[in-house]
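Chemist: The following block contains a protein sequence and its predicted model.
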Amino acid sequence: MSRRNDEIKGIFLGILLLIGLHVAAFILGSIIGYVSVAIGGIGSSIASFLLLSIFGIGLVQIIYVIPAIIILSRQRQFAVMKGVIIGAVITALLNGGCWLLFASFWRGGF
């Protein structure tokens with residue numbers, strides 16, 4: 001029974017780790033977007049890219065989820081790795097649904 005509890009706790013910690021990575025990515029993206037707009041010139045294109053990347057976190061998360069999975073695999077923390085994968089899939093599915101809803105409003109649906 002203890003092994004199963006450890007597995008569930010590891011999965012939960014993996015999901016929390018992914019939420020922390022999402023927050024860090026959002027903060028870093030916001031800082032880069034703010035600095036690029038403040039500098040000017042190419043700022044508007046970078047800021048628009050970062051805005052789309054925040055809305056498209058389901059795709060952008062690949063940048064930091066795959067290295068996290070590789071690191072956790074090498075450290076043999078498979079339960080935490082499962083939690084990160086589960087969280088990434090849930091994030092991608094929720095983000096895809098939000099994009100579909102946003103696109104339907106944009107095209108004049110609903």
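Modeler: That came through fine.
Chemist: mind showing which ranges of the protein have poor pLDDT?
Modeler: Within the chain, the stretches with pLDDT under 70 are 1, 36-38, 40-56, 102-103, 106-110.
Chemist: for it, which helix is longest?
Modeler: Longest helix of the chain, by residue count under DSSP state H: helix 2-39.
Chemist: Which elements pack onto it?
Modeler: Under the contact definition 3 or more Cβ pairs under 8 Å, 6 or more residues apart in numbering; DSSP states H and E, helix 2-39 sits against helix 43-55, helix 57-60, helix 62-74, helix 78-106. Backbone N, C-alpha and C define where each C-beta goes, glycine included.
Chemist: Deepest in the core, which of these is it.
Modeler: Neighbour counts (mean count of other Cβ atoms under 10 Å) averaged over each of those peak at helix 57-60, with a mean of 17.
Chemist: Who are the contact partners of residue 11?
Modeler: By Cβ atoms under 8 Å, 6 or more residues apart in numbering, the contact set of residue 11 is 79, 80, 82, 83, 86.
Chemist: one step back: got the buried residues for the longest helix of the chain?
Modeler: Of all the residues in helix 2-39, those buried under the rule 16 or more other Cβ atoms under 10 Å are 10, 11, 14, 15, 17, 18, 21, 22, 25, 29, 33, 36.
Chemist: backbone phi and psi for the most centrally placed residue in the chain, please?
Modeler: In the chain, the C-alpha nearest the mean C-alpha coordinate belongs to residue 61, at 3.9 Å (Cα atoms, centre = their mean). Note on residue 61: its backbone torsions stand at phi -60, psi -20 [degrees, to the nearest 10].
Chemist: Provide a list of residues in contact with it.
Modeler: The neighbourhood of residue 61, defined by Cβ under 8 Å, 6+ apart, consists of 18, 21, 22, 25, 88, 91, 92.
Chemist: any idea which of the residues you listed is closest to residue 67?
Modeler: Ranked by distance to residue 67 (Cβ to Cβ), the contacts of residue 61 are led by residue 21 at 9.9 Å.
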